[in-house]
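Here is the input, now give the coordinates:
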Amino acid sequence: MGWRRRGAAALVGMVAWGLVAPRASVAQTAQPPTDAWIVDRPTFEPIDPTPQPLAVPGVGEYRGSIEIARSPNAASKLAVVNHVAIDDYVRGISEVPSAWPLEAQKAQAVAARTYALYEATRQQVATTATATKLAGADLCATDACQVYAGVAKERRAGSEAWNAAVAQTRNQVLLYKNAPIAAKYSSSNGGETVAGGQPYLRGAIPDPDDAYSPLHRWRATYPIAAVARVAGLAAEPVGLRRDDQRIVATYVDLDGNPVEEEVSVEAFRDAVNNGFSSPAGLPLPVPSRRFDIHVEAGLAVLEGRGWGHGIGLSQYGALGKAVRGMKFTDILAAYYAGLKPTTVPQEQLPQTLKVAVAFDRAAVELMTTAAGRFRIVDGSGRVLAHAATGTWTATPAPDGRIKLTPPPGQAGRPTAAIAAVRPDLPVAGNPLAVTVALDGPGALTKIDLVRPDGTTQAVDPQKLRSSGPVQLRIGNAVLAGTYEVTVERDAGNGRVETVKLPIEVPATSGEGAASTASPSGGDDDDGGGDLESDLAFSGVAHVAGVPIPSRALQATATFMLLAVIVLGGFWVGRRPGIELH
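Below is the predicted model of the structure:
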């Protein structure tokens, strides 16, 4: 073939590409608002094969999913609830130092898992429901429940030991009458357990191992005048003493007679804790309810034992027992009336726990900690976004729901277009490979092929959520005419697009077609002609750093190449002595 004829063949090829270049008819649906959506309790669920933790700036990073709800504490605030697998939750517990002996950490892991399951299964009536339960959660993330730090705990130095303790006690729970117990625990009991209102939470059990606690014994002093003021006493007392569950203040009237005033130990402790700063060496002004009090030289002197309520396991007591060589099962039995862990089958445990990690957020931002993707559903399970990325913002809506604002580019509609056809000159009776470009947010929910004779074949698109190229192979394009690929994409929240992509397959390809009668070009060729069905689906094939061309860009490139070929052919034809034979 001469040079002049090759140029003509190339021109025919470009015209053929024009027949299959990105052209689409789109079935539009009602356009939802794109700046923000008003929804109920949106939940963000990672969808990658290796899920990335979700990050809530100012709150933390968490495995599992994140739900945003209105705060039960304030109508203008939001609550953040982490739905997390049980052992992912326990790995995020931050209750004891990772340097402690493994047996002490294993005892803590079982107690924490048991307490979480107890809270997840117990019922509360509306009149006594806590803010945690009103937010739709099982647990809070503070020491009012258990201190839960999420992924931050896993990343701390020495966390390998805690992770090992969790793994080695997997599915182990303390049971009483076949139900998880209220496995309460505190930092230090001061040398003796406190009764907890359950047969397995006994009081007055000596615990000398608690002496490992720096707060096994403590002493604090405060000015008596300031104590009288913060505790709401009638005047500055001349004496203070403890009488069981009461603090008794003594005064002297004008006749020299003693006068007494009483306040409960709990109310007195709360008042002092709220009215004073913590002195050096103490976590709180009054670390526990187990203290005596007297007046000395114008000071209220408190001498106490332990830190926390003292019910159930003492963490420092568990440390002491582990140092003495006790196994975690025996440590637990010492604090819970002889109960030892039982391994519960996985199918009998709840899949997730719900942990309220924040209650009073004016706004909540949410993202993945890496370039991960997540699905968003509302409180009824309706999909708001199939494959979201970036930073989403939630704020309270006036109607009591949530205003959800997507990041740029995430609120739009999905698109699809033909990115490539191989061979460039399709021929009836030969295999054909078509690459469809998916752009914008959304799942690939439907692919249909309509043949020139009007028959239709449906292909399972595997609910792909990625943007990127999807390759389709028409194994035996037997018929000449127009093949139409229908692509349906669903971005969620009513954003569904159906795009019809026509592909022209002529009966013959014209000059030069013999050289392109089968698929060619690298990864597009994998023997499509051997397929039994007309249409096969190859899935998403991402090419790093190679963007999918837009329709306008493809059309521009086609025009420019066509102009170069036409001008080149004209120029070559005008020059003598160049024609090859």
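
mind listing what's buried in stretch 101-120?
101, 103-120 (16 or more other CB atoms under 10 Å). Using the backbone N, CA and C atoms, a C-beta is placed for each residue, glycine as well.

do stretch 421-438 as well
Buried residues in stretch 421-438 (16+ other CB under 10 Å): 421-428, 430-438.

Now intersect the residues you listed with the strands, please.
Using DSSP state E, Val421, Arg422, Leu432, Ala433, Val434, Thr435, Val436, Ala437, Leu438 are the members of the buried residues of stretch 421-438 that sit in strands.

Farthest pair within those?
Leu432 and Leu438 (19.4 Å; CB to CB).

check contacts around Ala267.
Each residue near Ala267 by CB atoms under 8 Å, 6 or more residues apart in numbering is listed here: Ala231.

That one should be in a strand, yeah?
No - going by DSSP: H, G, I helix; E, B strand; the rest coil, the assignment for Ala267 is helix, not a strand.

Excluding chain neighbours, what is closest to Arg269?
Counting by CB to CB, 6 or more residues apart in numbering, Arg269 lies nearest to Val286, which is 4.6 Å off, once chain neighbours are set aside.

and the one you found, how many residues sit next to it?
A total of 23 residues lie near Val286 under the criterion other CB atoms under 10 Å.

Over to Gly158?
10.

Let me know whether Val301 touches His294 as I believe.
Yes - contact criterion CB atoms under 8 Å: Val301 and His294 qualify, at 5.5 Å.

Name the residue in these two with the higher neighbour count.
Val301 (17 against 13).

Sheet partners, orientation included, of the helix or strand harbouring that one?
Val301 belongs to strand 299-304 when assigned by DSSP states H and E. Applying DSSP bridges to the sheet, strand 299-304 is found paired with strand 218-223 (antiparallel), strand 291-296 (antiparallel).

What are the buried residues along that strand?
Along strand 299-304, these residues count as buried under the neighbour rule (16+ other CB under 10 Å): Leu299, Ala300, Val301, Leu302, Gly304.

again, but for stretch 172-183
Gln172, Val173, Leu174, Leu175, Tyr176, Pro180, Ile181, Ala182, Ala183.

tell me how far the ends of it are from each other?
Counting by CA to CA, to the nearest Å, you get 13 Å between the two ends of stretch 172-183.

going forward, begin numbering at 35 instead of 1
Sure, I'll start numbering at 35, so the last one becomes stretch 206-217.

got a list of contacts for it?
144-149, 151-152, 155, 230, 232-235, 346-347, 366, 370, 373-378.

now, which of those lie within helices?
Among the contacts of stretch 206-217, DSSP state H puts Val144, Ala145, Ala146, Arg147, Thr148, Tyr149, Leu151, Tyr152, Thr155, Leu366 in helices.

Quick one, which of these has the minimum pLDDT?
Among those, Thr155 has the lowest pLDDT, at 87.

who touches it in this structure?
Ala213, Pro214, Pro384.

Surely the last one is in a helix?
No - secondary structure of Pro384 (three-state DSSP): coil, not part of a helix.

thought it was touching Ala154?
Yes - taking CB under 8 Å as the definition, Pro384 is a contact partner of Ala154 at 5.9 Å.

Given whichever helix or strand Ala89 is part of, what are its sheet partners and their directions?
In this structure, Ala89 sits in strand 88-90 according to DSSP H and E. According to DSSP bridges, strand 88-90 forms sheet pairs with strand 94-96 (antiparallel), strand 398-402 (antiparallel).

which residues touch that strand?
78, 80, 95-100, 114, 391-392, 398-403, 408.

which of those residues are buried?
Here, 16+ other CB under 10 Å leaves 78, 80, 95-100, 114, 391-392, 398-402, 408 buried among the contacts of strand 88-90.

Show me where the chain has its helices.
37-54, 120-125, 136-155, 165-168, 185-189, 193-202, 258-264, 299-309, 349-357, 362-369, 585-608.

rank those helices by pLDDT, which is bottom?
Among the helices of the chain, helix 37-54 scores lowest, with a mean of 34.

of all the strands paired with strand 88-90, which lies closest to Asp69?
strand 398-402 (16.5 Å).

thinking again about what came up before, reformat the buried residues of stretch 206-217 into a markdown table and put distance to Pro448 and pLDDT next to each item.
Shown next, in a markdown table, are those (distance: CB to CB, whole Å; pLDDT from 0 to 100):
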| residue | distance to Pro448 | pLDDT |
| --- | --- | --- |
| Gln206 | 47 | 98 |
| Val207 | 46 | 98 |
| Leu208 | 50 | 98 |
| Leu209 | 50 | 98 |
| Tyr210 | 54 | 97 |
| Pro214 | 46 | 97 |
| Ile215 | 51 | 97 |
| Ala216 | 50 | 97 |
| Ala217 | 49 | 98 |
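
Narrow those to those in strands?
Per DSSP E, these map to strands at Gln206, Val207, Leu209, Tyr210, Pro214.
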